[in-house]
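J.: structure for this input, please:
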Amino acid sequence: MINNLQALRAVAALLVVFFHLMHLEPRLSTAPPVLPEWFLAGTGGVDLFFVISGFIMVWVTKGYTPGVAAGTDFLYKRATRIYPLYWFYSIVLLVLYFLQPNTLATLKENRVDLLASFLLIPDDAQPLLNVGWTLRHEIYFYGVFTVILTCIREQHMPFFLLAWAAVIAAVDLSGWSNGPTAEIVFSPYTFEFIAGSLVALAAERRHLYLPRMIAVAGLLLACIPVIIFLTNEPFARGVFGQPWWRVLLFGLPGVLLVYGMVGIELCGKWMAKKWLVAIGNASYSLYLAHFVVFLIFAKLWRIAGLNPGSHHMLFLLGLLVSAVVWCLISYRFIEKPLLDRARDLRKWYRERAVGEHHNEGS
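T.: The predicted model follows:
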């Protein structure tokens, strides 16, 4: 795996953590909020994740031979990557809700379809775990990419991706994308996946030119949402939730950053620090677990007899540190073992299938 890409995954996850920390601060502490509201721009971490996901899908399957085997193997690996850990933290959150229902106002105020939530099926209601809405887009992209691996030759992939983007643009701009399923299928967020995929295809051929300049451009563009918020907060609050604006304000800088950082490493010019790569490796655990960790840490803080209001800065630091530390623990002792078991199960099934085929031929 490309270390600089893992570092960007760490950045994306931490942006989302800061976004939610700013939102939860008034609920978890009685002290006046101190986190700046421009932390709302941290929502762009989701868009960076989408770009990275598109890149990874192409990068890990490079050189594939089209067919059912390639498609099913990819789908199994991605499903076992997404679902088990997502189910684990969804169940933890559900248990917390039954133990402390007042803590989770979102679940009390909104209807949650547990089946749609656990299966990540498109639905009008938000999933149980608040970040699950992004995983619904991931699952859709995995489904389309499975079709690509099954039916499309690698050299034809760019044309398919561009045609896919054209269809999405035409349908979404026409206003035909009504309903939860259509809103995901024709979502502008898919442009971020597609752009990440195209960057990966270019990286495979080492066609990444001027990576440092592109990375700097991406970093400068990433500052624009913060500037917009500081100069026109009502406008920023409105556009940060609109997919087309998000693709422009967050997705475009994300594409440039992925292009630049990947190109810099492939050229041998710079590689991210190990500690940032470690957080990147555990970024999925951080992404899923931080909300749960915040709630548990706040409860333990009060059980210890401490007042979040009178130790506010220490409390906020504790929330952040506990989320990062827990994600490393979760990756080592929960996420990685789940992935290993899924890999072992796949290996066992293949060996069994080969054995049965051999016996039939004897």
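J.: so where is the stretch 1-150 of the chain shaky, pLDDT-wise?
T.: Scanning the stretch 1-150 of the chain with the threshold set as pLDDT under 70 gives 103-110.
J.: now the strands for it?
T.: With DSSP state E, counting those that start in this stretch as the criterion, the stretch 1-150 of the chain has no strands.
J.: report the central residue of this protein.
T.: Phe49 (4.4 Å; C-alpha atoms, centre = their mean).
J.: check contacts around it.
T.: Each residue near Phe49 by C-beta atoms under 8 Å, 6 or more residues apart in numbering is listed here: Arg9, Ala12, Ala13, Val16, Thr134, Tyr287. Where you see a C-beta, it was placed from the backbone N, CA and C, and this is true even at glycine.
J.: change it to 7 Å
T.: Under the criterion of C-beta atoms under 7 Å, 6 or more residues apart in numbering, the contact list for Phe49 reads Ala12, Thr134.
J.: same check on Ala165?
T.: The neighbours of Ala165, taking C-beta under 7 Å, 6+ apart as the test, are Phe191, Ile194.
J.: and the helix or strand harbouring it, what's buried?
T.: Using DSSP states H and E, Ala165 maps to helix 157-174. Neighbour-count burial for helix 157-174, counted by 16 or more other C-beta atoms under 10 Å, picks out Met157, Phe160, Leu161, Trp164, Ala165, Ile168, Asp172.
J.: CSV please, covering those residues and showing pLDDT and distance to Ala217.
T.: Converted to CSV, the buried residues of helix 157-174 look like this (pLDDT from 0 to 100; distance: C-beta to C-beta, whole Å):
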residue, pLDDT, distance to Ala217
Met157, 97, 26
Phe160, 97, 28
Leu161, 97, 23
Trp164, 96, 26
Ala165, 97, 22
Ile168, 94, 25
Asp172, 85, 27
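J.: would JSON lines of these with distance to Leu28 be doable?
T.: Putting the buried residues of helix 157-174 into JSON lines (distance: C-beta to C-beta, whole Å) gives the following:
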{"residue": "Met157", "distance to Leu28": "46"}
{"residue": "Phe160", "distance to Leu28": "46"}
{"residue": "Leu161", "distance to Leu28": "42"}
{"residue": "Trp164", "distance to Leu28": "42"}
{"residue": "Ala165", "distance to Leu28": "41"}
{"residue": "Ile168", "distance to Leu28": "39"}
{"residue": "Asp172", "distance to Leu28": "37"}
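J.: pick the one among those residues closest to His207.
T.: Met157 (14.4 Å; C-beta to C-beta).
J.: nothing else from me, thank you.
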